[in-house]
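Enquirer: Give me the fold of what follows.
(chains A and B)
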Amino acid sequence: MTTTAVPAVGEDEIAAFRVLHARLGDAVETAVRGKRDVVDLVLVSLFAGGHVLLEDVPGTGKTTLARAVAGALGGVSRRVQFTPDLLPSDVTGTSVYDPQTGQVKFRPGPVFANIVLADEINRAAAKTQSALLEVMEERTVTVDGVAHAVPAPFLVVATQNPIDLDGTYRLPEAQLDRFMLRTSIGYPSREHELDVLRPGSGAGFVGAVPTVSNPHVVAEYGRRLQTLHVADPILRYVGELGAATRADDRLRLGASTRGLKALVRCVQVFAASRGRHFAVPGDVQALIVPVLAHRLVLTREAQLAGVTTEQVLQDVVAGVAVPRPSSR
Amino acid sequence: MIARSAWAALVLVVAAIHLGSGWQGWLPALVFSGTVVVAFACGPLVRWRRVPAGLTLLCLVAFALAGGYWVARDTAETTDPSTVLLDLVPRLLTAARPAPATPELLVPGVLLVFGIALAVAVSVTGRSLLGPAVGVVVLYTCTALLTAGRADRYGLVALLLVALLVLGWLLLDRLETGGRVLTALPFVPIAVVALLASAVPTSGAFEPRELVEPPVTDLGVSNPLPQLASWANLGPVELFRVRGPERAIRLAALSDYSGAAWRAASLYGPIGAVAAPDLPPGGRTAEADVEVTIGELTGSWVPTVGRPTSVTLDGAMVDPDSGSLVLLDELSPGLSYRVRGVVDVPEDGDLMRAGVPSGDRARRYLALPGLPFSLAEYARQIVQNARTPFERAVAIEQVVKTGRVPDAGAPVGSSYARLERFLFGAQGEPGAGAGTAEQFASAFAVLGRAVGLPTRVVVGFQPAGGDEERVVRGSDATAWPEVYFEGWGWVPFDPLAGTSSGGSSAAAKREVLDRLASITATPTTTALSAPPPFVPPTAPPQAQATTRESRQWVGLLVPAGIPVLISVMLVGLRTSRRVRLKRAGAPGAWDHVLDGLLLAGHSPPPDRTAPDIARDMGSPPALRLAELADYSAFGPGGRVVGGSEPWRLARVVTSGLKRRTRWPRRLLWPLDPRPLWRRR
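Expert: The predicted structure is shown next:
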């Protein structure tokens, strides 16, 4: 078997991507004000082919963000409110009998969209959660032995409320690992909140988000950016950071290889969004917390001591020598 | 950490064993090695966090000094601790060489080794691996100074130490960092050695013993020359026995001639402790080691071979210039000792072309106060066709030998009058044309001096060859002259018919004589009634003092020149680093900026990326340079980016750093060696 080397993404493509990325970000920001860093992370996940877990209290704009991204992208967006009685077929779709044709016909569920907002994912039963997570991984829904592909690009933005945990089903670590990024939106600044409150400002109103691209273009860029150059020292650095998490005695579970691979994938998109056709160590440092923090498991002692995985990762970054340009 | 300490301790133990060669026996090497081990055992004590490291170090040093004082206090003339300790070094430098392994003389070595080993044990835990190298250099230099370079004549120990250091640098780096091996680093000591070898003068080496006054004793020993007749009268009586190689046995070398008699040197010092001879030894030497057992020989003069370097006699003292050995007590029958000496063994070819010293250096060996015109003229005629100093000496030897007979009953003495009668006396006069070895040797020496050959007379014995153990009898006593040739040392001549005292081969002399005979007749022996007075040389003592002072200045200038040499070396290394960085383009320029940061006293944390560091500096050119360097280091394809822009930016950034740095750091900027071992 022979493989054909795909040419690496060129500087012209990167320049065009940077413009597109900026326009997408600007478009989303017409609805979600003052959260450019979170918007950028969601866009990174979109182009990297991953999914985002937003952990935040209600009313901070999670749904708005997901719908604004879908609006700017020009794709289809769906929202699923997860409840304890939600069935897997409510998410993925089901086969129904069509009396007119006399045939069984597949009726697609809400996951058949470019952007799927899985609201309060931890409120659904484990079986339903698994159904969604399986689609996230496989990007197909299999019903009655027939596989149905979801559209590309496919981004699941799941939300969790970290405060009200009564009657919830906590996502197991193995399933958390399937989310490429975890982040939180947080409350807007005083200035931006005023902007949102001001009548007629357009903030929080998804209908005003301009469509600046189309799903096909986004999917193509996602494919091309996989060829962005990541130098060996950067890959070694990522490996050393992963090894350091595994050696940290405050962690019961360190970063998985899938987690590190996701980090590299995000780094590629992040570097392109900054107009570079190569990754630098700073990209790794910027993304390590949102990409890896939700994949790590603290020991009981560390939990009791109030340590968070974010703090552990910051310590790990501070303890591993970053590769710098050197004449040697 | 353990590997580092073990390696550092190993190289220091080797250097300490080498230092032990400055003392007699194997005990000092053992003591110094043990001291290294003790110092390294104290290392964890210094790193103990409950007590400040400085306090621990202070206590250890104070403890060591107190121990040194306790050991040396009984042998000192005072009880003041600082005086006792400070006096130890002069005492070591004025002791015999190698120094006796007495406790008080070992103290300076132990304190030196302890101090260095402790400093190395503390420093080796840091990132730098230069500590052991510095320690080894100091110990090796001290050994070389203490032994006048004899301890490592062929540089084998130096090679071993360099090899151990290089191995440590290569292997430890690989073991500990798992990263790149610093292949360039081993060239630093090699460069240092090469630089020192090229810069250090090969002649007039620094001798620390010249800085202390050697303990000389005025013995006033009598001249042994007149005793030749009495020994001759003893005939077959056994004076002493010699076991060892067949060499002439020397008793005393007489260098000072007053016109009336030869005088023996009167100031003597411990063997090994006194300064080098006024005229340096020759380029070809051989060592001889003999065992002497005294029989009927009396007096203070100790039979020896060549220029003695060691003798197993307590209380033996030596005249550094002549190498004559005397004993404070008289020789006694049955006294046995071993003596090792160095003999000049030039080859015929060497002597044929050799010159002789003149002027102040040789004034003592050319002095002829009130030389009669007859002798001066006679000497001039003898050598009128000789071209080289060696030919002159051979001609004089031949003339003195020809027509004169040895006579044990001839009148003694070596005054001008006695020599004139010996050389020109009319037939029938007592002592005319006949004499003992004293007259033959003196006549040669005086005639030689008259024509500019530095000469002296040696009193000794020429025992008959034979068995391993030779019996030296009264009849073996003799005297012979020696001539000093520049670069080849003192060469004996044989004007006494029928005896031989070594020196150049007969064939060479025959060749010279054949050439001279072909162009000259036998010299006339014209005696003038009123010979003009010979003007004696003046003011030699002052000139010698000036020479000695200038040598001391050289001794002081050499240590003062070492910092200059090191500074030049550091500037050179820094410049070569800059050239290397310049060739590396943008990453090299960024390295240059990091060097500047280090010199300005900032060290960025290891997790800061290049753009982070540039942002911390608040310098837009630095940020631009960091981006270029990142591009070059992590971008695809070629590594050369930005052309000359990176170095232009680097210069802007470093000059900005310099401006913000305080002047003491700025002053040392081009010399500071820290960038040389900055790893990242």
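
Enquirer: got the residues of chain B near chain A?
Expert: B:180, B:580-581, B:584, B:586-588, B:590-591, B:594, B:605-612, B:626, B:629-636, B:680 (Cβ under 8 Å from any Cβ of the partner chain). For glycine as for every other residue, the C-beta is placed from the backbone atoms N, C-alpha and C.

Enquirer: Work out for me the element B:Cys59 sits within.
Expert: helix B:53-72 (DSSP states H and E).

Enquirer: just checking, what packs against that helix?
Expert: Applying 3 or more Cβ pairs under 8 Å, 6 or more residues apart in numbering or on different chains; DSSP states H and E, we find helix B:53-72 packed against helix B:27-47, helix B:81-86, helix B:103-123.

Enquirer: Would you single out the least confident of those helices?
Expert: Note on the helices and strands packed on helix B:53-72: lowest mean pLDDT is at helix B:81-86, with a mean of 83.

Enquirer: what residues does stretch B:62-82 touch?
Expert: Residues from elsewhere that reach stretch B:62-82 (Cβ atoms under 8 Å, 6 or more residues apart in numbering or on different chains): B:83-85, B:87-88, B:102-104, B:106-107, B:110-111, B:114-115.

Enquirer: switch the cut-off to 10 Å
Expert: Residues from elsewhere that reach stretch B:62-82, judged by Cβ atoms under 10 Å, 6 or more residues apart in numbering or on different chains: B:35, B:38-39, B:42, B:83-88, B:91, B:102-108, B:110-111, B:114-115, B:118.

Enquirer: Buried among the residues you listed? Need that as a selection in PyMOL.
Expert: Selection of the buried residues among these in PyMOL, burial being defined by 16 or more other Cβ atoms under 10 Å in any protein chain shown:
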select buried, chain B and resi 35+38+39+42+84+85+87+88+91+104+105+106+107+108+110+111+114+115+118
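
Enquirer: circling back to that earlier point, closest one to B:Leu676 among the helices and strands packed on helix B:53-72?
Expert: Nearest of the helices and strands packed on helix B:53-72 to B:Leu676, taken as Cβ to Cβ: helix B:103-123 at 16.2 Å.

Enquirer: Tell me the buried residues in the next helix or strand after that closest one?
Expert: Next in sequence after helix B:103-123, counting helices and strands by DSSP H and E, comes helix B:131-146. Within helix B:131-146, the residues that qualify as buried are B:131-133, B:135-140, B:142-146, counting by 16+ other Cβ under 10 Å.

Enquirer: Let me have the residues you listed in CSV, adding pLDDT as columns.
Expert: Converted to CSV, these look like this (pLDDT from 0 to 100):
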residue, pLDDT
B:Gly131, 82
B:Pro132, 86
B:Ala133, 85
B:Gly135, 89
B:Val136, 88
B:Val137, 88
B:Val138, 89
B:Leu139, 89
B:Tyr140, 90
B:Cys142, 87
B:Thr143, 88
B:Ala144, 85
B:Leu145, 84
B:Leu146, 82
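
Enquirer: Return the closest of these with respect to chain A.
Expert: B:Ala133 (21.4 Å; Cβ to the nearest Cβ).

Enquirer: For the closest residue to that closest one other than its chain neighbours, pull up the helix or strand it's in.
Expert: Excluding its sequence neighbours, the residue lying closest to B:Ala133 (Cβ to Cβ, 6 or more residues apart in numbering or on different chains) is B:Leu165, at 5.3 Å. Using DSSP H and E, B:Leu165 sits in helix B:156-177.

Enquirer: Quick one: list the elements packing against that helix.
Expert: helix B:2-19, helix B:131-146, helix B:187-199 (3 or more Cβ pairs under 10 Å, 6 or more residues apart in numbering or on different chains; DSSP states H and E).

Enquirer: at 6 Å instead, please
Expert: helix B:2-19 (3 or more Cβ pairs under 6 Å, 6 or more residues apart in numbering or on different chains; DSSP states H and E).

Enquirer: With just CA atoms, put the helix it packs on into CSV.
Expert: Extracted in CSV, the C-alpha atoms of helix B:2-19 (Å, rounded to 0.1, in the frame of the first residue of the first chain):
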residue,chain,number,x,y,z
ILE,B,2,26.3,10.9,43.7
ALA,B,3,28.0,10.4,40.4
ARG,B,4,29.1,14.1,40.3
SER,B,5,30.5,13.9,43.8
ALA,B,6,32.3,10.6,43.2
TRP,B,7,33.8,12.0,40.0
ALA,B,8,35.0,15.2,41.6
ALA,B,9,36.4,13.3,44.6
LEU,B,10,38.3,11.0,42.2
VAL,B,11,40.0,13.7,40.3
LEU,B,12,40.9,15.5,43.5
VAL,B,13,42.3,12.3,45.0
VAL,B,14,44.5,11.9,42.0
ALA,B,15,45.7,15.5,42.2
ALA,B,16,46.2,15.1,46.0
ILE,B,17,48.3,12.0,45.5
HIS,B,18,50.3,14.0,43.0
LEU,B,19,50.7,16.7,45.6
